[in-house]
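Asks: prediction below, plus the sequence it came from.
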Amino acid sequence: MIVTYNGMKWINKCLSTLRLSTVSTTIGVVDNGSNDGTCDFILTNFPEVVLMPQNKNLGFGQANNKGMLYAMEQGANHVLLLNQDAYLQPEAIEMMLKVADGKNIVTPVHLCGDGSRIDSMFRLSLRRADNELFDDLLIKGQPEPSYSIGEVCAACWFMPSSLIKEVGGFNPLFFQSLSSIIFKFLSKTFLPRHAKARSRYFSLNSRLQRRSILASDRDFMRPSANCAMGVV
């Protein structure tokens, strides 16, 4: 599920890479009243996309809630939230699905646009990663498929529908980025604890690539196609 708002700069690559996914997906787009031709472009070039245009900008949280509700009404077992300026490697969803436990959020490793470095915001999330991650990388030289982390940017969240039903989606009072924080707090509060106390984690085998709308042209985010991370 992708929320768009004047996304002509990014939406072609975002949707094109989803077409290449090794896992069959139904792509949904909730458009927040774009006036740059985003909707017309999607209708013409991606007719398979379920487009849900809105007559005003609902913000990140409410628009994603509409998309998640549609997905669950269609019987989806999992929902992927993806930013309009992000794009996944073909194997990313498959890799996240392999490490998903049916209870928690999974995200790929976030890299810069050219894949040469870890995204700066994702580095902050790694500060709360399982200590085993660094032991495995620096000592064993062989990472596990997934690790638990404390929090992660909502540019790409892969989650079971059961979690959405339990948490109730994003808090609509927050228009943009804070809504993801509210969702995180709720998921941490209400999710049952289990092995390694994960409530979100990342896959070391999946990659996401993202060009940040708010950052400079050089600031991209691209998680690795071989890795998945989890958040607690």
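Replies: Right, received. Where do you want to start? Numbers count the residues shown, from 1 in each chain.
Asks: from here on, contacts and neighbour counts on C-alpha atoms
Replies: OK.
Asks: where do the helices sit along this structure?
Replies: 11-19, 38-45, 59-73, 92-99, 120-126, 131-135, 161-167, 178-190 (DSSP state H).
Asks: buried residues of the third one, list them for me.
Replies: By neighbour count, with 16 or more other C-alpha atoms under 10 Å as the criterion, the buried positions of helix 59-73 are 59-72.
Asks: and what of the second one?
Replies: Neighbour counts using 16+ other C-alpha under 10 Å place Thr38, Cys39, Ile42 of helix 38-45 among the buried residues.
Asks: what about Ser24, how many neighbours?
Replies: The number of residues packed near Ser24 is 11, by other C-alpha atoms under 10 Å.
Asks: and Ser155, how far from Asn45?
Replies: I think there's a mix-up here, since residue 155 is Ala and not Ser. Between Ala155 and Asn45 the computed distance is 23 Å (C-alpha to C-alpha, to the nearest Å).
Asks: what do you get for His110?
Replies: According to C-alpha to C-alpha, His110 and Asn45 sit 27 Å apart.
Asks: for Cys153, same thing?
Replies: 29 Å.
Asks: what is the end-to-end distance of stretch 147-159?
Replies: End-to-end for stretch 147-159, by C-alpha to C-alpha: 16 Å.
Asks: same check, this time on stretch 29-42
Replies: 9 Å.
Asks: likewise stretch 133-153?
Replies: End-to-end for stretch 133-153, by C-alpha to C-alpha: 19 Å.
Asks: need the helices of the chain in JSON lines with distance to Gln142 and mean pLDDT, can you?
Replies: Compiled in JSON lines, the helices of the chain are given as follows (distance: least, C-alpha to C-alpha, whole Å; pLDDT from 0 to 100):
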{"stretch": "helix 11-19", "distance to Gln142": "28", "mean pLDDT": "95"}
{"stretch": "helix 38-45", "distance to Gln142": "41", "mean pLDDT": "98"}
{"stretch": "helix 59-73", "distance to Gln142": "36", "mean pLDDT": "92"}
{"stretch": "helix 92-99", "distance to Gln142": "17", "mean pLDDT": "92"}
{"stretch": "helix 120-126", "distance to Gln142": "17", "mean pLDDT": "81"}
{"stretch": "helix 131-135", "distance to Gln142": "9", "mean pLDDT": "81"}
{"stretch": "helix 161-167", "distance to Gln142": "31", "mean pLDDT": "89"}
{"stretch": "helix 178-190", "distance to Gln142": "29", "mean pLDDT": "39"}
